[in-house]
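# pasting the structure only:
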Ligand SMILES: Cc1cc2nc3c(=O)[nH]c(=O)nc-3n(C[C@H](O)[C@H](O)[C@H](O)COP(=O)(O)OP(=O)(O)OC[C@H]3O[C@@H](n4cnc5c(N)ncnc54)[C@H](O)[C@@H]3O)c2cc1C
Ligand code: FES
């Protein structure tokens, strides 16, 4: 098994931090805003934090959540939930997470209110690389959009002539929450649902097929893709991009216990340059990987 020393970023901080806003935004989907300036300043697109219920031992282990967005104090005033400005903290920064209710941690978290605290450490993981292209396609399944918003926004800031298409698939319409965050930042949003209740009836791979049919991709200027969602969906996107020689980064959502390289609960099968595969810890060597380096057959 490949080993490298645990290397949480030197900016990683462990702290208790206060919830300042918390609201259900879609079916079984909540958005939470944490007053956490150190994390807000340090987080890059695709990084995550390990989050625990403060002063609780059940569940004992923290859970990884992707940093969805960060806000300076002034920006917060005209975005999701108006927060009154305390006079003495103009430099305060906030971190937003969006989570799907899945098990013990996320179910318990829904009962937490503004003023309650969580424990968290981060930012963790390698984060996305900004691709050197003009067209970035973000592809999310289920709750996978959480890893992608900051990447799209960063890309548009760095490549002013570039454009971003965000393809988002879900089982049905009620699972989409705050899709307007992507349009607000100048990204084109395309939705797909398996039951046809919103957008295209089908999958995100159909949305990619449609973009190709509409000639949205320039032949001599291929797009790059960044993808996050269920493993089967990411495997299908990886196959689609491989057959067209399109670069694709994926953000893996393997279960994690420590987030800093100690426990090996997060390993994924990764293929090296010689074609051999080995288990790699997604918390420190990921969660972002080139989709062609993942052994998808061993993964799913
Ligand atoms: C880098 C990263 C970023 C993430 N970002 C987000 C995010 O932004 N929003 C979000 O909602 N989720 C995110 N996740 C997923 C989230 O961490 C998990 O869903 C988390 O386990 C939920 O905790 P829970 O206690 O509520 O549910 P759990 O009790 O942990 O159960 C969650 C689901 O996973 C299954 N499960 C648990 N452990 C295992 C295992 N070892 N093997 C296979 N299946 C298992 C359970 O059956 C259940 O269906 C992220 C994961 C990673 C790795
Ligand atoms: S979560 Fe512990 S090694 Fe990755």
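Yep, it's here. Note that the structure is a prediction, hence the values are computed from the model and not measured. Ligands and ions are numbered 1, 2, ... in the order given.
# Alongside ligand 1, which residues does the stretch 101-250 of the chain contribute?
Applying Cβ under 6 Å from any ligand atom, one finds that the stretch 101-250 of the chain approaches ligand 1 through 102, 103, 104, 105, 106, 143, 146. Bear in mind the C-beta positions are built from the backbone N, C-alpha and C, glycine included.
# list the contacts for the third one?
Residue 104 makes contact with 58, 59 under the criterion Cβ atoms under 8 Å, 6 or more residues apart in numbering.
# Domains of the chain: list them as residue ranges, please.
Following automatic domain parsing, one gets these domains for the chain: 13-124, 135-299.
# Let me see the mean pLDDT of stretch 130-148.
Mean per-residue pLDDT for stretch 130-148: 97.
# The strand or helix carrying residue 64 close to ligand 2?
Using DSSP states H and E, residue 64 sits in strand 63-66. No - Strand 63-66 lies out of reach of ligand 2 by Cβ under 6 Å from any ligand atom, never closer than 7.8 Å.
# Note down every partner strand of that strand and its orientation.
Strand 63-66 pairs in its sheet with strand 48-53 (antiparallel), by DSSP bridges.
# sorry, back to before: any idea which of the domains of the chain scores lowest on pLDDT?
Among those, domain 13-124 scores lowest, with a mean of 86.
# Start and end of that domain, how far apart?
Start-to-end span of domain 13-124 (Cα to Cα, to the nearest Å) is 10 Å.
# Return the distance of that domain from the chain's centre.
Distance of domain 13-124 from the chain centroid (Cα atoms, centre = their mean, to the nearest Å) equals 14 Å.
# Could you do stretch 168-175 as well?
16 Å.
# What of stretch 206-223?
Using Cα atoms, centre = their mean, the offset of stretch 206-223 from its chain centre is 23 Å.
# For it, give me every contacting residue.
Against stretch 206-223 from outside (Cβ under 8 Å, 6+ apart): 133-137, 139, 165, 167, 169, 190, 192, 200, 225, 237, 240, 244-247.
# what ranges do the strands span in the stretch 101-250 of the chain?
117-124, 135-141, 163-170, 188-193, 200-201, 224-228, 248-251 (DSSP state E, counting those that start in this stretch).
# list the helices and strands the fifth one packs on?
Think strand 200-201. For strand 200-201, the packing partners by 3 or more Cβ pairs under 8 Å, 6 or more residues apart in numbering; DSSP states H and E come out as strand 188-193, helix 204-213.
# In TSV, list those along with distance to ligand 2 and mean neighbour count.
Output for the helices and strands packed on strand 200-201, formatted as TSV (distance: least, Cβ to the nearest ligand atom, whole Å; neighbours: other Cβ atoms under 10 Å):
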stretch	distance to ligand 2	mean neighbour count
strand 188-193	31	19
helix 204-213	27	18
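# Throw those into CSV and include distance to residue 64, thanks.
CSV is the format used below for the helices and strands packed on strand 200-201 (distance: least, Cβ to Cβ, whole Å):
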stretch, distance to residue 64
strand 188-193, 26
helix 204-213, 22
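# looking at these, which is closest to residue 48?
Closest approach to residue 48 among these (Cβ to Cβ): helix 204-213, 21.6 Å.
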